[in-house]
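J.: Fold the following.
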Amino acid sequence: MKEFFSKYVSLRKHNAQVAWKKAKKSKMCYAFLAPYAILFTLFYVVPVVISIFYSFTYYNILEKPRFIGLANYISLILEDDIFLIGIKNTLMIAIITGPLGYIMSFLFAWLINELPRWVRSIAVIVFYAPSIAGNCYVIFSVFFRGDAYGYVNAFLMNLGIIDVPIAWLESAWIARIVIVVAMTWRWTGYNTIFYLAGLQNIDDSIYEAARIDGANIFQQFRKITIPLLRPIILLTTITSINGTLQLFAETQNITSGGPGNATITLSNYIYKLSFVYVPQFGYASTIAFIVLIMVAVLAFAQMKMGDTR
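T.: Sure, this is the predicted structure:
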């Protein structure tokens with residue numbers, strides 16, 4: 001482990017030296033990049049650093065931050081049941097929506113790629129629309145409303161299957177299923193675009209040569225499609241897991257983390273600690289820092305798995 005770490009550090013130092021030498025030769029390019037770098041530092045790096053500092057303090061906005069060391073972290077891990085529920089819900093949603101979304105996205109991309117060009121353009125718009133339509137997932141809260149005006153209740157009552165409305169979102173498991181369906185529905189189209197672009201960049205002559213050599217469709221998929229789509233699979237995996245770990249809007253707008261805390265996620269808990277309960281910005285910053293670590297570790301692990309050099 002120590003040898004691996006020393007090699008990793010020396011490689012990073014070498015890469016930094018090479019990058020610095022190239023930067024000296026391309027001063028004008030970096031001058032154009034400077035505005036973005038400044039804004040990124042001000043609005044991303046600085047807030048993260050401040051949040052990390054607050055995670056070691058007691059800060060309720062009514063008084064100055066008071067340094068308390070690791071007390072927030074100890075309380076979070078040993079005493080906070082809601083935090084553990086938030087982690088469980090977040091990871092459960094990520095584990096279910098991740099593979100389900102990847103499979104559906106790839107299948108849709110494969111089907112769209114086989115369509116005529118004009119049909120393909122329409123299909124892309126239809127599949128991508130939920131990803132760019134803002135709070136479109138709120139429609140699920142309308143579908144599953146607990147009164148007679150909810151679409152599901154109205155449909156079942158009109159068919160005579162039920163006599164009184166069912167409070168769907170007051171059931172913990174049904175609420176979780178609705179969140180999973182909403183997440184999958186919203187982001188499948190987003191990943192479909194990436195897979196479709198990757199499929200269109202694979203030269204047909206490669207498949208033709210494989211067919212001549214006697215490869216069936218499953219062998220082509222395993223030996224050609226998957227290896228050539230590996231960078232895109234890695235990209236969609238990282239972005240999906242990153243988005244799921246920061247899941248907030250869907251649960252907040254559909255269930256508000258309920259019933260009880262059955263669908264609360266880490267981001268919901270951060271929001272409630274900051275703006276719903278008595279303000280605890282230091283404690284909320286602790287959770288935010290843990291989410292940052294989780295995202296960084298998972299992204300690093302997946303990048304190492306996807307690095308074939």
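J.: Past the helix or strand hosting residue 152, which element shows up next along the chain?
T.: The secondary structure element spanning residue 152 is helix 151-158 (assigned by DSSP states H and E). Sequence-wise, the next helix or strand downstream of helix 151-158 (DSSP H and E) is helix 172-200.
J.: who does that following helix touch, helix- and strand-wise?
T.: In terms of contact count using 3 or more C-beta pairs under 8 Å, 6 or more residues apart in numbering; DSSP states H and E, helix 172-200 is assigned the packing partners helix 81-113, helix 117-132, helix 139-143, helix 230-245, helix 249-254. Glycine gets a C-beta too; all of them are placed from N, C-alpha and C.
J.: and with 6 Å instead?
T.: In this structure, helix 172-200 packs against helix 81-113, helix 117-132, helix 230-245, helix 249-254, with contacts taken as 3 or more C-beta pairs under 6 Å, 6 or more residues apart in numbering; DSSP states H and E.
J.: Can you mark which positions in the last one are buried?
T.: It refers to helix 249-254. Under the neighbour-count criterion of 16 or more other C-beta atoms under 10 Å, helix 249-254 has 249-252, 254 buried.
J.: try the second one
T.: Buried residues in helix 117-132, counting neighbours by 16+ other C-beta under 10 Å, are found at 120, 123-124, 127-128, 130-131.
J.: In PDB, list the C-alpha atoms belonging to it.
T.: This file holds the C-alpha atoms of helix 117-132, laid out as PDB (Å, rounded to 0.1, in the frame of the first residue of the first chain):
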ATOM      1  CA  ARG A 117     -33.100   9.400 -39.000                       C
ATOM      2  CA  TRP A 118     -36.300  11.500 -38.800                       C
ATOM      3  CA  VAL A 119     -37.900   9.100 -36.400                       C
ATOM      4  CA  ARG A 120     -34.700   9.000 -34.300                       C
ATOM      5  CA  SER A 121     -34.800  12.800 -33.900                       C
ATOM      6  CA  ILE A 122     -38.300  12.800 -32.600                       C
ATOM      7  CA  ALA A 123     -37.500   9.800 -30.200                       C
ATOM      8  CA  VAL A 124     -34.500  11.700 -28.800                       C
ATOM      9  CA  ILE A 125     -36.700  14.700 -28.000                       C
ATOM     10  CA  VAL A 126     -39.300  12.600 -26.300                       C
ATOM     11  CA  PHE A 127     -36.800  10.600 -24.200                       C
ATOM     12  CA  TYR A 128     -34.700  13.700 -23.200                       C
ATOM     13  CA  ALA A 129     -37.700  15.900 -22.400                       C
ATOM     14  CA  PRO A 130     -38.100  14.800 -18.700                       C
ATOM     15  CA  SER A 131     -34.400  15.600 -18.000                       C
ATOM     16  CA  ILE A 132     -34.800  19.200 -19.100                       C
END
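J.: Great, nothing more from me.
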